[in-house]
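> kindly generate the corresponding structure for this input.
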Amino acid sequence: MARMTQGPFLLDARLAADTVPVCDWPLCSVLLMNDSRYPWLILVPRSAGASEIFDLAPAERQTLWQEVSRAAERLKAITACRKINVGALGNVVAQLHVHVVAREAGDFAGNGPVWGQGAAVPYADAAREHLLQRLRAELQRGVV
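Predicted coordinates for the structure are as follows:
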């Protein structure tokens, strides 16, 4: 059963510090992780107090997975990556968020997960802006 929450939605300070806003979808804020080693989106449902998927109402859960699928499909199309990894861990940041990561064979994390694999390498300004333009154009296409 979805948990009742009070107060406005606020993005966790760590997510805000580690990401750049891309766009807002009906349920989620879509963020770009500022780590140039991997094209990496984070979707954060704008549901105050949610830390688990089951904290969302059933209709929100369905919307979440639709939005995660859209993000994964479009990130794969933009990057032509080999594989998309999806995860909702929450061990460091309790606020509900879903990682959508484009992966390549032989990338920095090798065969393992990207989490905890060295320090993030922030995008150079021009590279970040170029990627953000591509992401915004593709991710906002067809979104109501």
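> can you give me the helices for the protein?
13-18, 58-79, 125-139 (DSSP state H).
> list the contacts of the longest one.
By Cβ atoms under 8 Å, 6 or more residues apart in numbering, the surrounding residues in contact with helix 58-79 are 2, 25-28, 30, 39, 41, 43, 45, 47, 53-54, 56, 81, 84, 86, 98, 100, 102, 134-135, 138-139. In short, each C-beta sits where N, CA and C put it, glycine included.
> ok, of the residues you listed, which come out buried?
25, 27-28, 30, 39, 41, 43, 45, 47, 56, 81, 84, 98, 100, 102, 135, 138-139 (16 or more other Cβ atoms under 10 Å).
> where do the strands sit along this structure?
Secondary structure of the chain, counting by DSSP state E: strands at 19-24, 28-33, 40-45, 83-87, 98-103.
> alpha carbons of the third one, as PDB, please.
Taking only C-alpha atoms (Å, rounded to 0.1, in the frame of the first residue of the first chain), the coordinates of strand 40-45 have been written out as PDB:
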ATOM      1  CA  TRP A  40      23.800   7.900 -16.800                       C
ATOM      2  CA  LEU A  41      20.300   9.100 -16.100                       C
ATOM      3  CA  ILE A  42      18.600   9.200 -12.800                       C
ATOM      4  CA  LEU A  43      14.800   9.300 -12.600                       C
ATOM      5  CA  VAL A  44      13.300  10.700  -9.400                       C
ATOM      6  CA  PRO A  45       9.600  10.400  -8.800                       C
END
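> distance from that strand to the middle of the chain?
In terms of Cα atoms, centre = their mean, to the nearest Å, the centre of strand 40-45 is found 2 Å from the chain centre.
> switch the strands of the chain over to TSV; also include distance to residue 70 and mean pLDDT.
Shown next, in TSV, are these (distance: least, Cβ to Cβ, whole Å; pLDDT from 0 to 100):
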stretch	distance to residue 70	mean pLDDT
strand 19-24	11	97
strand 28-33	9	97
strand 40-45	9	97
strand 83-87	12	95
strand 98-103	10	96
